[in-house]
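In: Fold the following.
(one chain, ligands or ions: 2)
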Amino acid sequence: MKIVSIHEGVVPISSSIRNAWIDFSAMDCSIVAVVSDVIRDGRPVVGYGFNSNGRYSAGEILRRRVIPRLLAAPPSSLLTDDGTNIDPAKAWDVMMRNEKPGGHGERSVAVGVVDMALFDLAAKIAEQPLYRFLSDRYGDGDPDTSVFVYGAGGYYAPGKTLRDLQEEMKRFVDAGYDVVKMKIGGAPLKEDLERIEAALSVLGGDGSRLAVDVNGRFDLRTALEYGEAIEPYGLFWYEEPGDPLDFGLHATLSEHYAGPMATGENLFSLPDARNLIRYAGMRPDRDTVQIDPALSYGLVEYLRIQDMLKRHGWSSRRCVPHGGHQFSLHIAAALKLGGNESYPGEFYPTGGFADGAVVENSRVGLTEIPGIGFEAKAAFYRVLRDLHD
Ligand SMILES: O=C([O-])CC(=O)C(=O)O
Ligand SMILES: [Mg+2]
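Out: Numbers count the residues shown, from 1 in each chain. Ligands and ions are numbered 1, 2, ... in the order given. I've put the predicted structure just below:
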């Protein structure tokens, strides 16, 4: 088999929401289609990918470096040893040829989106849903058949009242989520505490059902001040309190804040993940690593990160990827992660799971069609298909 063509485009995922650091008024996302010469039911088998959310489209890097390298490589150099399927790990080496280490930035996004498409393609060629394909090759062959998901939202938005926040959280609970997440750090502490208490009131006052996300906004003093104020609530986690690369801040905070913390959605590589584990005071008995494979050089790199975590004594169950997408859902089931994010109300049309996916007791099942299952997500699939049809 070989790759016939690779198509790249951009979809807007803009909205009026705001976290403590950015608004999403111009947010967009790269999409990719990798067309193979394998024909099923009269049509070529195509793998699709997109770059999650939170980082802008990376078209320039895709068009000028990543895609030309793949298309210029001898087709056989991208295949498994028996030549029957694409090997995403070999493709990864080709995509990263002549790239210096460090400074990962948008490059990890460009490689991540193609990596997702290559895994979608490989699982389709193997005629397996991605979670079974991955479990057979990288897991124990006995994947989880449902995955813990929490409902993320609780953004700031123009004119949004406490009542609106409560109704949003109630919608999540009614949709089957036991745990929900809201933004903090984009308003003064007193106002954020009112927002937290408003959200808690729809969760029966149970702090262990509410996560809060700072999106990296705080300096150490503010992170400590908020930590002291929110600790009595016993929250599900306190997320990304400081700059994602300020491991010293995180380590100091972890000496003072006893509750669970989560971070990692803005760490994009194995070396960054290793530094987090080495230097950030992360506690393997309660903290969560949120690295999003789509933003961080794809699953090939994420497998290396899993290996590193294991060697540092971390369970895969302490990983809950950022992004709320189908790719990480399959990865979570196959590698037995702790769960996956979900955005019940944001990031249309890319985010979310298959149409009709049902969340029950904060768990969701997987699609059984070959690949990631974009074909079971009608509105997004139309956009992806238009890339190459
Ligand atoms: O607001 C965002 O960029 C998304 C985010 O942090 C999350 O999902 O945890
Ligand atoms: Mg976050």
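
In: and G9, that's in a strand?
Out: Yes. Counting by DSSP: H, G, I helix; E, B strand; the rest coil, G9 is part of a strand.

In: where do the strands sit along this structure?
Out: Per DSSP state E, the chain carries strands over the ranges 3-12, 28-40, 43-50, 146-152, 180-183, 210-213, 237-239, 261-263, 288-289, 340-342, 359-360, 363-365.

In: Please identify the deepest-packed of those strands.
Out: strand 340-342 (a mean of 27; mean count of other CB atoms under 10 Å). Bear in mind the C-beta positions are built from the backbone N, C-alpha and C, glycine included.

In: Against which helices or strands is that one packed?
Out: Counting contacts by 3 or more CB pairs under 8 Å, 6 or more residues apart in numbering; DSSP states H and E, strand 340-342 packs against strand 146-152, helix 326-335.

In: among these, which is nearest ligand 2?
Out: strand 146-152 (7.6 Å; CB to the ion).

In: if we can go back for a sec, possible to save the helices and strands packed on strand 340-342 as JSON lines with distance to L134 and mean pLDDT?
Out: Output for the helices and strands packed on strand 340-342, formatted as JSON lines (distance: least, CB to CB, whole Å; pLDDT from 0 to 100):
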{"stretch": "strand 146-152", "distance to L134": "13", "mean pLDDT": "98"}
{"stretch": "helix 326-335", "distance to L134": "4", "mean pLDDT": "98"}
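
In: got TSV for the strands of the chain, with distance to ligand 2 too?
Out: Formatted as TSV, the strands of the chain follow (distance: least, CB to the ion, whole Å):
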stretch	distance to ligand 2
strand 3-12	21
strand 28-40	16
strand 43-50	18
strand 146-152	8
strand 180-183	8
strand 210-213	4
strand 237-239	5
strand 261-263	8
strand 288-289	11
strand 340-342	8
strand 359-360	19
strand 363-365	19
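
In: Any chance of the ones you listed in a markdown table with distance to ligand 1 as columns?
Out: Listed next are the strands of the chain as a markdown table, based on distance: least, CB to the nearest ligand atom, whole Å:
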| stretch | distance to ligand 1 |
| --- | --- |
| strand 3-12 | 16 |
| strand 28-40 | 12 |
| strand 43-50 | 15 |
| strand 146-152 | 5 |
| strand 180-183 | 7 |
| strand 210-213 | 5 |
| strand 237-239 | 6 |
| strand 261-263 | 8 |
| strand 288-289 | 11 |
| strand 340-342 | 6 |
| strand 359-360 | 17 |
| strand 363-365 | 16 |
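
In: now the ones you listed in TSV, with distance to E191?
Out: Listed next are the strands of the chain as TSV, based on distance: least, CB to CB, whole Å:
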stretch	distance to E191
strand 3-12	30
strand 28-40	30
strand 43-50	35
strand 146-152	20
strand 180-183	12
strand 210-213	13
strand 237-239	17
strand 261-263	22
strand 288-289	26
strand 340-342	25
strand 359-360	30
strand 363-365	33
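
In: What residues does the chain have near ligand 1?
Out: Applying CB under 6 Å from any ligand atom, we find that the chain lies next to ligand 1 at 19, 54, 152, 213, 215, 265, 322, 341.

In: Who are the contact partners of the closest residue to A199 other than its chain neighbours?
Out: In space, and not counting its chain neighbours, A199 is closest to M169: 5.0 Å by CB to CB, 6 or more residues apart in numbering. By CB atoms under 8 Å, 6 or more residues apart in numbering, the contact set of M169 is 151, 153-154, 180, 182, 199, 202-203.

In: nearest to I31, of those residues?
Out: G153 (23.4 Å; CB to CB).

In: mind listing what that closest one touches?
Out: 168-169, 172, 180-182, 343-346.

In: Mind doing that once more with 6 Å?
Out: Applying CB atoms under 6 Å, 6 or more residues apart in numbering to G153 gives the contacts 168, 345.

In: And the pLDDT for it?
Out: Here the pLDDT value assigned to G153 is 97.

In: and it, how far is that from L165?
Out: As judged by CB to CB, to the nearest Å, G153 and L165 stand 9 Å apart.

In: how about the residues of the stretch 101-250 of the chain that lie near ligand 2?
Out: D213 (CB under 5 Å from the ion).

In: ok, which stretches of the stretch 101-250 of the chain are helices?
Out: In the stretch 101-250 of the chain, the helices defined using DSSP state H, counting those that start in this stretch lie at 107-125, 130-138, 162-174, 189-201, 220-230, 247-256.

In: could I get those helices as a markdown table with mean pLDDT and distance to I305?
Out: Listed next are the helices of the stretch 101-250 of the chain as a markdown table, based on pLDDT from 0 to 100; distance: least, CB to CB, whole Å:
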| stretch | mean pLDDT | distance to I305 |
| --- | --- | --- |
| helix 107-125 | 98 | 12 |
| helix 130-138 | 98 | 12 |
| helix 162-174 | 98 | 29 |
| helix 189-201 | 98 | 31 |
| helix 220-230 | 98 | 25 |
| helix 247-256 | 98 | 16 |
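
In: Low-confidence regions, the stretch 201-350 of the chain specifically.
Out: When residues are selected by pLDDT under 70, none of them lie in the stretch 201-350 of the chain.

In: Most widely separated two among the contacts of M169?
Out: Farthest-apart pair in these is G153 and L203; separation 13.6 Å (CB to CB).

In: Please name the residues that touch A378.
Out: Shown in contact with A378 (CB under 6 Å, 6+ apart): D355.

In: quick one: pLDDT of it?
Out: 97.

In: now the one 3 residues further on
Out: We note a pLDDT of 98 for Y381 in this prediction.

In: ok, it to T350 distance?
Out: 11 Å.
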